[in-house]
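Asker: Just to be clear, the model below is a prediction. Sequence and coordinates:
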2 protein chains.
Amino acid sequence: MPYKKQRSALGSSTAVEDYLERILELINAKGYARVVDIAAALKISQASVTNMVQRLDAESLLKYEKYRGLILTTSGKTLARQIAHRHRLLTDFLKLLGLSDRVIYHDVEGMEHHISLPTLRAIEALTNQLRRRPALRAQLQAAVV
Amino acid sequence: MPYKKQRSALGSSTAVEDYLERILELINAKGYARVVDIAAALKISQASVTNMVQRLDAESLLKYEKYRGLILTTSGKTLARQIAHRHRLLTDFLKLLGLSDRVIYHDVEGMEHHISLPTLRAIEALTNQLRRRPALRAQLQAAVV
DNA sequence: CTTTCGAATTAGGCATACCTAATTTAATTA
DNA sequence: TAATTAAATTAGGTATGCCTAATTCGAAAG
């Protein structure tokens, strides 16, 4: 066996997912995603980003022209949206529990890669139920604060 | 900056936490934890376990005598119990959502290292509330199955 | 007491994903 | 158009955590 890779339920490594997530965010916010901006968003060096972007190109998750720019492929876009959606669901859920934004950000960032589809659906259902039950929500948020 | 380490809310790496968790399990089940059993439980080689056990000794989380055996130190035991407790809480929570044991095991194994104390407390409170609300639980479990 | 054999260790590597330093590209400004 | 400079790339490393192969240890059996 070569190496025990960190793979998520979506089939990609946690690093790949982090990159795709930020790239989609940047594209949504500014229309494009430059190496320097991805590096700043992920708090890593530009060299590391160049490296990964070339790898994502090789994996057909995006198309990259050196020194020019990148666009997500259809499969890259689909995957990035699934990642973003999962991120949103988890954030919404923790928000209803009354946790602080800082804690939510940290925990979602760490755990998102490890949540399977069934668990995600269960948490989505739970979130919907919590939305309809303000009394229950209040009890939970009281326990946290 | 040297390397972006995978650190949990408890301050240790995810690998260290996995080892401590299994070591405590083995000690609870059989009274002792041998290298060969730790390796089997974690599905990694004995060589890797020897390596890590020596590191945990250097970090004073356990005391190890070569070729002999190991015992957890007080701080190692405390940490291992925190990890086990967190694992239990997360497992209990997902169980109430109606997820299968296989999914629960996989997801908890991945996410446990990334859950902060505030989030853990919130999930604990939520779990307690779910226990008291069989109707809500039934709705959630229906959504999953 | 010696042989045997499973358990443990050491030595040497590899993959992922990061880094810094040096260089190259391209866009902007003079 | 030439010079400047920000952005991107390449080259060469490092840390973590895993591996296999070879060796050493020690417990149990003869």
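Answerer: That came through fine. Just so it is clear, the model here is predicted, and its values are computed rather than measured. Residues are numbered from 1 along each chain as shown, chains lettered A, B, ... in the order given.
Asker: Let me know how buried residue A:68 is, in neighbour terms.
Answerer: 6 (other Cβ atoms under 10 Å in any protein chain shown). Where C-beta positions appear, they are placed from N, C-alpha and C, glycine not excepted.
Asker: Run a quick neighbour tally on the residue lying closest to residue A:59 once chain neighbours are set aside.
Answerer: Distances taken as Cβ to Cβ, 6 or more residues apart in numbering or on different chains put residue A:16 closest to residue A:59, at 7.9 Å, once the chain neighbours are dropped. By other Cβ under 10 Å, 22 other residues sit near residue A:16.
Asker: wait, isn't residue A:16 in contact with residue A:56?
Answerer: Yes: judged on Cβ atoms under 8 Å, residue A:16 makes contact with residue A:56 at a distance of 6.9 Å.
Asker: quick one on the thing from earlier: buried stuff in the helix or strand containing the residue nearest to residue A:59?
Answerer: Using DSSP states H and E, the element containing residue A:16 is helix A:14-30. Of all the residues in helix A:14-30, those buried under the rule 16 or more other Cβ atoms under 10 Å in any protein chain shown are A:14, A:16-27.
Asker: what's the pLDDT at residue A:74?
Answerer: The model reports residue A:74 with a pLDDT of 97.
Asker: do you know how far it is from chain B?
Answerer: Applying Cβ to the nearest Cβ, to the nearest Å, the value for residue A:74 to chain B is 28 Å.
Asker: how far away is that residue from residue A:62?
Answerer: 10 Å (Cβ to Cβ, to the nearest Å).
Asker: which ones are touching residue A:137?
Answerer: A:96, A:98, A:130, A:131 (Cβ atoms under 8 Å, 6 or more residues apart in numbering or on different chains).
Asker: which of those are close to DNA strand D?
Answerer: Applying Cβ under 7 Å from any atom of the strand, the subset of these adjacent to DNA strand D is empty.
Asker: Against chain B, which of those make the cut? List them.
Answerer: Contacts with chain B within these, as defined by Cβ under 8 Å from any Cβ of the partner chain: residue A:98.
Asker: that older thread, which one of residue A:74 and residue A:62 has more residues nearby?
Answerer: residue A:62 (23 against 9).
Asker: Point out the other helices and strands that the top helix by length along chain A packs with.
Answerer: The residue-count maximum for a helix in chain A (DSSP state H) belongs to helix A:74-96. Applying 3 or more Cβ pairs under 8 Å, 6 or more residues apart in numbering or on different chains; DSSP states H and E, we find helix A:74-96 packed against helix A:14-30, helix A:101-111, helix A:117-132.
Asker: With just CA atoms, put the lowest-mean-pLDDT helix or strand in chain A into PDB.
Answerer: None of the helices or strands of chain A scores lower by mean pLDDT, DSSP states H and E than helix A:134-144, at a mean of 91. Below are the C-alpha coordinates for helix A:134-144, written out as PDB (Å, rounded to 0.1, in the frame of the first residue of the first chain):
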ATOM      1  CA  PRO A 134     -38.000  28.100  18.200                       C
ATOM      2  CA  ALA A 135     -38.600  26.800  21.700                       C
ATOM      3  CA  LEU A 136     -36.200  23.900  21.200                       C
ATOM      4  CA  ARG A 137     -33.700  26.300  19.500                       C
ATOM      5  CA  ALA A 138     -33.900  28.600  22.500                       C
ATOM      6  CA  GLN A 139     -33.100  25.800  24.900                       C
ATOM      7  CA  LEU A 140     -30.100  24.700  22.900                       C
ATOM      8  CA  GLN A 141     -28.700  28.200  22.500                       C
ATOM      9  CA  ALA A 142     -29.100  28.800  26.300                       C
ATOM     10  CA  ALA A 143     -27.000  25.800  26.900                       C
ATOM     11  CA  VAL A 144     -24.200  27.100  24.800                       C
END
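Asker: Distance-wise, check residue A:114 relative to DNA strand D.
Answerer: Residue A:114 sits 15 Å away from DNA strand D, going by Cβ to the nearest atom of the strand, to the nearest Å.
Asker: Likewise for residue A:34?
Answerer: According to Cβ to the nearest atom of the strand, residue A:34 stands 3 Å off from DNA strand D.
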